[in-house]
Structures are given as C-alpha cells and as structure tokens.
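Engineer: Let's see this in three dimensions:
(one chain, ligands or ions: 2)
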Amino acid sequence: MAQAGSPGPARRAQPSVRIAPSILSADFAQLGDEISRVTPEADVLHVDVMDGHFVPNLTIGPPVVTWIRRHCDLYLDCHLMMDNPAKFLGAFREAGADGCSVHVEIGGTAGLIAQMRDLGLDVGLAVNPETPFEDCEPWLDQLDLLLIMTVHPGFGGQMFMSEIVGKIARARHAIDSAGLAVDLEVDGGIDVGTAPIVTEAGARLLVAGSAIFAQPDPVAAAHRIREAAQAALATVSGEGAR
Ligand code: DX5
Ligand code: ZN
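Structural biologist: Ligands and ions are numbered 1, 2, ... in the order given. Sure thing, here's the model as predicted:
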C-alpha cells in the first residue's frame, strides 16, 4: 500500500537529496527499534532482498516486509537482488512495499515493468557495476527509479567504486535531457565522504547501510550524510532546474 503523502521516487522531484537507510546493516533482532531510531532522518527505507542465486547471500522476504509495514509509515523501497522476482512481486506488494527495483541483468525487463505497474508498485530498475548504462537506457522513460549500484551487490560495508561516478553522471544527463522525472538512486559504500561525490554526479536518493546502522548514533550519522550531500547539491550549477 502506498503511503499517503509518501516521499516515493515517482512523487518527489524537488531539488533535494534524500536518504534511504538500508536495514541490511541493522540489528535484525531489534529491527523495529532500529527503524524507529533512524526514522527522523529517513526519507525512504531501503529493504535489501537477496535470494542466494543472483547474489551469494540470503536476507529477507515478504513476511518481514509485512512486519516492517505494520511498524512504520516510511516509504518501503525494496531492492530485489533475485533471479526470479516475477514470482514474488505480488507478495511484496501485498506485504506493503511501495516500490520495487529489479535488476536489468536478469532480463525480462519489459514484463517485469508491466507486472510492477499492474500491481501499483513504483517501478525501479537496478544496474550492477559491470553493466553499462546503455542496458538500462531503453527503459528509462518507463521507470520511476533507476538504482545504480556503486558496489557489487550482496553485502553491506564494501568500498565505494569510484569508477561508477561516470555512469551516474551519464544517467543524470539522460534523465534531464529527456525531461524525465526518474529518481536516481545510488547504493553501496555511501558515507559522508562519498555522498558529495555521487550528489555532484547527479544522484538524488542515497542508500546507506553501514554508514548509518553501524555507527554509535545512527540518526546523527544519517544527518551528517544528508548535510554533506545537500552542501554538494548547492554547488551544482543549474540545480534549481532539476
Ligand atoms: C548491497 C545492498 C546495499 C547495502 C549497502 O548489495 O544492495 O543496499 O545495504 O550497504 P553499505 O551502505 O554498507 O555499502
Ligand atoms: Zn540495496
């Protein structure tokens, strides 16, 4: 169920950077408390779903999303690192996901986009570091969100891949030149140091897991990332037009 007034990817095109804490780095034994703790600085909650096939790790599925949905009103941005998301999209929607991102590398993108639209989900497409932007470009005008991975998916706490910055800039340029309202999300190794880099390149929704949840004061950590990103945004020329 989409949350009334929620800051979803399709509905927020104002010139600001938004923060999406990734619960992957949270203490799952205290997940509700962990989410409540970051809520004041969270625009979106990023939920990493891993199937053990597309990535060499397993995380959570629709039942956990159901409980998260009952616990909080945040926009739930579900990142499906799965070989076969078609089988589960309905369950994630029913569980309360607001938007889902499927990976372009698995193929079948047209059908997955149609399925997500039919279900009333915001439509996201995720792209791995080694996959060129050209693989996503044909779908751009059908998306609410493009999720550019800045680490290899599967684990939190990895180092940001600076070679992806050019891809972010390319995506920003393509989105702006076509006059699209596609949100541009980055995921992996985002912290107070890398947030300005991705923001200057054009990202507007920043996922951060370990840089928030692995810190002694997660809400303060999220706030510092936001401040760093907003400062960078202020330096980007022509930002008022975005
Ligand atoms: C990695 C996940 C990320 C992860 C990011 O496969 O998609 O969302 O939580 O973690 P950090 O911010 O620690 O790199
Ligand atoms: Zn993710």
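Engineer: Report the rounded mean pLDDT for the longest helix anywhere in the chain.
Structural biologist: As assigned by DSSP state H, the longest helix anywhere in the chain is helix 218-235. Helix 218-235 shows a mean pLDDT of 97.
Engineer: Who are the packing partners of it?
Structural biologist: If you count contacts as 3 or more C-beta pairs under 8 Å, 6 or more residues apart in numbering; DSSP states H and E, helix 218-235 packs onto strand 18-21, helix 31-38, helix 195-201, strand 205-208, helix 210-213. For the C-beta atoms, the positions are set from N, CA and C on the backbone; glycine is no exception.
Engineer: The residue in the chain positioned nearest to ligand 2: what secondary structure?
Structural biologist: Ligand 2 sits closest to H79 of the chain, with a gap of 3.7 Å, by C-beta to the ion. Using DSSP: H, G, I helix; E, B strand; the rest coil, the secondary structure recorded for H79 is strand.
Engineer: R70 versus D48, what's the distance?
Structural biologist: 19 Å (C-beta to C-beta, to the nearest Å).
Engineer: tilt between the longest helix of the chain and helix 31-38?
Structural biologist: Orientation of helix 218-235 against helix 31-38 (axes from the mean of the first three to the mean of the last three C-alpha atoms, to 10 degrees) gives an angle of 40 degrees.
Engineer: Confirm V47 sits in a strand?
Structural biologist: Yes. Counting by three-state DSSP, V47 is located in a strand.
Engineer: ok, now which ones touch it?
Structural biologist: S22, I23, I60, V65, I68, L76, D77, C78, H79, A97 (C-beta atoms under 8 Å, 6 or more residues apart in numbering).
Engineer: can you check I197 too?
Structural biologist: Counted by C-beta under 8 Å, 6+ apart, I197 has contacts F160, S162, V165, A232.
Engineer: where does it land on pLDDT?
Structural biologist: pLDDT, I197: 98.
Engineer: how close does it get to ligand 1?
Structural biologist: From I197 across to ligand 1, the span is 14 Å (C-beta to the nearest ligand atom, to the nearest Å).
Engineer: again with E137
Structural biologist: For E137, the distance to ligand 1 - C-beta to the nearest ligand atom - is 22 Å.
Engineer: Backbone dihedrals for that residue, please?
Structural biologist: phi -50, psi -40 (degrees, to the nearest 10).
Engineer: Which of the helices and strands packed on helix 218-235 has the highest mean neighbour count?
Structural biologist: Of all the helices and strands packed on helix 218-235, strand 205-208 carries the top mean neighbour count, a mean of 28, counting by mean count of other C-beta atoms under 10 Å.
Engineer: quick revisit: tally up the residues packed near the residue of the chain closest to ligand 2, please.
Structural biologist: 27 (other C-beta atoms under 10 Å).
Engineer: for L145, same thing?
Structural biologist: Neighbours of L145 using other C-beta under 10 Å come to 22.
Engineer: L31 contacts R70, correct?
Structural biologist: No. Contact criterion C-beta atoms under 8 Å: L31 and R70 do not qualify, at 11.7 Å.
Engineer: V102: what's it in contact with?
Structural biologist: Contacts of V102 by C-beta under 8 Å, 6+ apart are L80, M82, P85, T109, L112, M116, G124, L125, A126.
Engineer: is the first one in a bridge, and if so with what?
Structural biologist: Here L80 sits in beta bridges with V49, V102, as judged by DSSP bridges.
Engineer: Next up, the contacts around it.
Structural biologist: Counted by C-beta under 8 Å, 6+ apart, L80 has contacts V49, F88, L89, F92, C100, S101, V102, H103, A126.
Engineer: In JSON lines: those residues, plus pLDDT.
Structural biologist: As requested, the contacts of L80 are exported to JSON lines (pLDDT from 0 to 100):
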{"residue": "V49", "pLDDT": "98"}
{"residue": "F88", "pLDDT": "98"}
{"residue": "L89", "pLDDT": "99"}
{"residue": "F92", "pLDDT": "98"}
{"residue": "C100", "pLDDT": "99"}
{"residue": "S101", "pLDDT": "99"}
{"residue": "V102", "pLDDT": "99"}
{"residue": "H103", "pLDDT": "99"}
{"residue": "A126", "pLDDT": "99"}
